[in-house]
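Student: Model the following, please.
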Amino acid sequence: MTQDSHSHDHPHSLLPSDPELRVKTLESLLVDKGLVDPAALEAFIQVYSEEVGPMNGARVVARAWSDPDYRARLLADGTAAIGELGYGGRQGEHLKVVENTPELHNVVVCTLCSCYPWAVLGLPPAWYKSSAYRARVVREPRSVLREFGLDLSEEVEVRVWDSTSEMRYLVLPQRPEGSESLSEEALAQLVTRDSMIGVSKVLEPGRGDQ
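Tutor: Sure, this is the predicted structure:
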């Protein structure tokens, strides 16, 4: 097969090196070939970016902070507990929730691909899918966390959880100091996607985003 025929047979060879441009170019190629309905694609992206996103997980965390009984159910059976709030479905099944404490910090990765609890976190960030994160966070989690701005003391155990198609993980962050008087809705506003993956902590009210 000549180089020219190879290029025509494999559209990915026409894609630029920049990841965002690659996505846009691939999307255009698929639309041009009639393989993707652009309206359906836009609707899918909107749903998972705006409606099924980290705000769902933030509500789960806020409920767990506010309701000890719900927290117990969440840690015992994550799938059933998020179902109580109406979350589930695609990549929301088989969910295990792991809790951060002063002595233990959890962080989530998927070393084989990018398994991720879409139902509560929406679409995975690009860095979560990168080969660098997937390889390094297992070998040197403290170094990776420091690069995210999270420097843990040596007294804190760091535990890495490897998601698979059979089991996905969500981190229940520590409730920050100074949030005792906040409503559940206000608590949810403090919770970030990164804190539910475990690469950051939830900051105290008024300190801004990590």
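
Student: Mind jotting down where the helices sit in this protein?
Tutor: Counting by DSSP state H, residue ranges of the helices within the chain are 3-9, 19-32, 38-46, 54-66, 68-76, 78-84, 118-121, 126-129, 131-139, 141-147, 184-190, 193-197.

Student: and the fifth one, what does it pack onto?
Tutor: To tie it back to what came earlier, the one meant is helix 68-76. Packing partners of helix 68-76 (3 or more CB pairs under 8 Å, 6 or more residues apart in numbering; DSSP states H and E): helix 54-66, helix 78-84, strand 95-99, strand 168-172. Backbone N, C-alpha and C define where each C-beta goes, glycine included.

Student: roughly how far is that helix from the heart of the chain?
Tutor: Relative to the chain's own centre, helix 68-76 is displaced by 21 Å; criterion: CA atoms, centre = their mean, to the nearest Å.

Student: Give me the contact list for that helix.
Tutor: Applying CB atoms under 8 Å, 6 or more residues apart in numbering, the set of residues contacting helix 68-76 from outside is 60, 63-65, 80-82, 84, 97, 99, 172.

Student: I'd like to know the average pLDDT value across that helix.
Tutor: In this model, helix 68-76 carries a mean pLDDT of 98.

Student: Give me the mean pLDDT for stretch 93-105.
Tutor: In the prediction, stretch 93-105 has an average pLDDT of 95.

Student: Of the contacts of helix 68-76, just the buried ones, PyMOL syntax please.
Tutor: Buried members of the contacts of helix 68-76 can be picked out in PyMOL with the line below, counting by 16 or more other CB atoms under 10 Å:
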select buried, resi 60+63+64+65+81+82+97+172
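
Student: does Pro176 really touch Gly206, like I thought?
Tutor: No: proximity of Pro176 to Gly206 does not meet the contact threshold set by CB atoms under 8 Å, at 10.1 Å.

Student: Tell me, how many residues neighbour Val61?
Tutor: Residue neighbour count, defined by other CB atoms under 10 Å, stands at 29 for Val61.

Student: Apart from its chain neighbours, what residue comes closest to it?
Tutor: Counting by CB to CB, 6 or more residues apart in numbering, Val61 lies nearest to Val191, which is 4.8 Å off, once chain neighbours are set aside.

Student: Could you measure from the one you found over to Arg136?
Tutor: Distance from Val191 to Arg136, counting by CB to CB, to the nearest Å: 25 Å.

Student: If you count surrounding residues, which of the two has more?
Tutor: Set side by side, Val191 and Arg136 show unequal neighbour counts under other CB under 10 Å, the larger going to Val191 at 23 against 15.

Student: coming back round to it: distance of the residue nearest to Val61 relative to Ala64?
Tutor: Relative to Ala64, Val191 is positioned 10 Å away (criterion: CB to CB).

Student: With that, I have no additional questions.
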